[in-house]
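Participant: Any chance you could fold what I've pasted below:
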Amino acid sequence: MGERRIGVAVDFSECSRKALRWASDNVVRPGDHLILITVRPEGNYEQGEMQLWETTGSPYIPLHEISDPAVMKRYGVKPDAETLDIVNTAAAQKEVEVLLKIYWGDAREKLCEAIDKIPLTCIIIGNRGLGKIKRAIMGSVSNHIVNNGSCPVTVVKSSDHE
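Facilitator: Next comes the predicted model:
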């Protein structure tokens, strides 16, 4: 892959859409690869693509397949209309190639793995704004990536008043 590889962690939540919008508005430029990275929980998958790529992650999935519900169903992923709108607009207006890579397992570990294996120029991640207690129990994915990721990390905070 040529040019910059801009990673955005997506789980199709509002905070990941905010990070994706921010990346599209402020970071990506023509010629970049905008790589959406989603991490699915591990599970016992009896069929489909998950068995083949559980350790390495999926192959890169191009935008036209990301927009195809039948293809995404095979991966157990359901992108929402707003996320698809953001990436289709970025692809058209910013002349970037949009790809999706799916991993299975712990989001903290798999996002750090993606940074090194893809490899990413930088990664943008949303912040759910967990309270102190939840963050202490569950651990913050964004905090882990900031402290352990081997590339520049931007955390797009979700403000309390949204």
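Participant: List the contacts of V71.
Facilitator: 61, 65 (CB atoms under 8 Å, 6 or more residues apart in numbering). For every residue, glycine as well, the C-beta is placed using N, CA and C.
Participant: how about a cut-off of 7 Å?
Facilitator: E65 (CB atoms under 7 Å, 6 or more residues apart in numbering).
Participant: now do I6
Facilitator: Listed by CB under 7 Å, 6+ apart, the contact set of I6 reads 23, 27-28, 32-35, 121-122.
Participant: Paired strands for the strand or helix carrying G126, with orientation please.
Facilitator: In this structure, G126 is located in strand 122-127 according to DSSP states H and E. Here strand 122-127 is paired, per DSSP bridges, with strand 5-9 (parallel), strand 153-157 (parallel).
Participant: any residues touching that strand, and which ones?
Facilitator: 6-9, 15-16, 18-19, 22-23, 27, 115, 142, 145, 149, 151-158.
Participant: Quick check: the gap between the nearest residue to I102 once chain neighbours are set aside and K101.
Facilitator: Setting aside the residues directly before and after it, I102 is nearest to S58 in space (CB to CB, 6 or more residues apart in numbering), at 4.2 Å. Per CB to CB, to the nearest Å, S58 is found 6 Å from K101.
Participant: same check, this time on D68
Facilitator: According to CB to CB, D68 stands 16 Å off from K101.
Participant: Now do the same contact list for L34.
Facilitator: Counting by CB under 7 Å, 6+ apart, L34 touches 6, 8, 28, 87, 90, 96, 98.
Participant: List phi and psi for it.
Facilitator: phi -100, psi 110 (degrees, to the nearest 10).
Participant: Same question for R29.
Facilitator: phi -140, psi 160.
Participant: got a list of what it touches?
Facilitator: Applying CB under 7 Å, 6+ apart to R29 gives the contacts K94.
Participant: Need the contacts of L34 in TSV (columns: distance to P41, secondary structure and pLDDT).
Facilitator: TSV is the format used below for these (distance: CB to CB, whole Å; DSSP: H, G, I helix; E, B strand; the rest coil; pLDDT from 0 to 100):
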residue	distance to P41	secondary structure	pLDDT
I6	25	strand	98
V8	20	strand	97
V28	28	coil	96
V87	23	helix	97
A90	27	helix	95
V96	29	coil	95
V98	24	strand	97
